[in-house]
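Q: Please find the sequence and the predicted model below.
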Amino acid sequence: MTAPRDHAAGPVPLYLIPQVLSKEIHRLRGAVAEIRITRTSGHRYIIRIRVREGGRA
């Protein structure tokens, strides 16, 4: 059994979050277990995506 893995994207400006999420979801192909978006300084965000165990990535 493998541990869940995290992928991070960012820092990303607010207006690009939908495009980045779409790109990452398509890249990971349904293995996404959790998405966390955290605001950093200056309207920039870090996107963390947890991949399911045994998922493709």
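A: That came through fine. Numbering: from 1, shown residues only.

Q: got a list of contacts for stretch 15-26?
A: Here stretch 15-26 makes contact (CB atoms under 8 Å, 6 or more residues apart in numbering) with 7, 9-10, 12, 32, 35, 37, 45, 47, 49. (Glycine included, C-beta is placed from N, CA and C.)

Q: Revised request: answer the last question for stretch 33-44.
A: 4, 10-14, 17, 21, 45-52, 55.

Q: Skipping adjacent residues, who's closest to Pro11 in space?
A: What sits nearest to Pro11 in space, not counting adjacent residues and going by CB to CB, 6 or more residues apart in numbering, is Arg44, at 3.8 Å.

Q: Now do that neighbour against Ser22, distance only.
A: Arg44 sits at a distance of 18 Å from Ser22 (criterion: CB to CB, to the nearest Å).

Q: These two: who's more crowded?
A: Ranked by neighbour count (other CB atoms under 10 Å), Arg44 and Ser22 place Arg44 first, with 14 against 10.

Q: follow-up on the earlier one: ok, of the contacts of stretch 33-44, which come out buried?
A: Applying 16 or more other CB atoms under 10 Å to these, the neighbour count classes 10, 12, 21, 45, 47, 49-52, 55 as buried.

Q: Could you list everything His7 pairs with in the sheet?
A: Beta-bridge pairing of His7 under DSSP bridges involves Ile49.

Q: Ile49 is in contact with that one, correct?
A: Yes - assessed by CB atoms under 8 Å, His7 is found in contact with Ile49 at 4.6 Å.

Q: Return the residues in contact with the residue nearest the centre of the chain.
A: In the chain, the residue lying closest to the centroid (CA atoms, centre = their mean) is Ile49, at 3.2 Å. Shown in contact with Ile49 (CB under 8 Å, 6+ apart): 6-9, 24, 28, 32, 34-36.

Q: re earlier: run through the bridge partners of the residue nearest to Pro11.
A: Under the criterion used (DSSP bridges), Arg44 bridges to Pro13.

Q: quick one, what contacts Tyr45?
A: By CB under 8 Å, 6+ apart, the neighbours of Tyr45 are 10-14, 17, 37-39.

Q: still on that earlier bit, okay, and which of the contacts of Ile49 map to strands?
A: 6-9, 32, 34-36 (DSSP state E).
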